[in-house]
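Enquirer: Whatever this is, show me its structure:
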Amino acid sequence: MTGAYDGIRFSNVDASMISGDSVTSCYNQGIYLISGSDTNTVMNCISSFSSSGIVIIGNSNNNTVTGNSANSNSNGIQLNTSSNTNTISNNTANSNSYGIYLNASSGNNTVSNNTANS
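Expert: The predicted structure is shown next:
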């Protein structure tokens, strides 16, 4: 997927998987889980040259983001607005303004074994 507004967007989607996809040069988010999207898995994807590579926002909980590459975005991987108990592991987030960014009351998340370089 190249050049869309949002590359892949889950809005209030539960128990689904995004795997092996490549998303580049999106105006907004590369991969976007929003509005109570819970218990999803994002794995082995590439998301680059977008506003944010992978975003979990808006009370989206219990998601797993693993084995992805989120390079050359403003934010590599972002959790925002009460997104809790998510697992972010074994990802690469290089050449972003922020590699992995947690904000605005997102808590009890596990972030481990990631690589983030400027």
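Enquirer: Pull up the gap between the most centrally placed residue in the chain and residue 93, please.
Expert: Compute the mean C-alpha point of the chain, and by Cα atoms, centre = their mean the closest residue is residue 54, 2.2 Å away. Computed as Cβ to Cβ, to the nearest Å, the residue 54 to residue 93 distance reads 9 Å. Where C-beta positions appear, they are placed from N, C-alpha and C, glycine not excepted.
Enquirer: what residues are shared contacts of the two?
Expert: In the contact map built from Cβ atoms under 8 Å, 6 or more residues apart in numbering, the residues linked to both residue 54 and residue 93 are 70, 76, 77.
Enquirer: low-confidence ranges in the protein?
Expert: Along the chain, segments meeting pLDDT under 70 are nowhere present.
Enquirer: As a check, name the ranges of all strands in it.
Expert: 8-11, 17-19, 22-24, 29-34, 41-43, 46-48, 52-57, 64-66, 75-80, 87-89, 98-102, 110-112 (DSSP state E).
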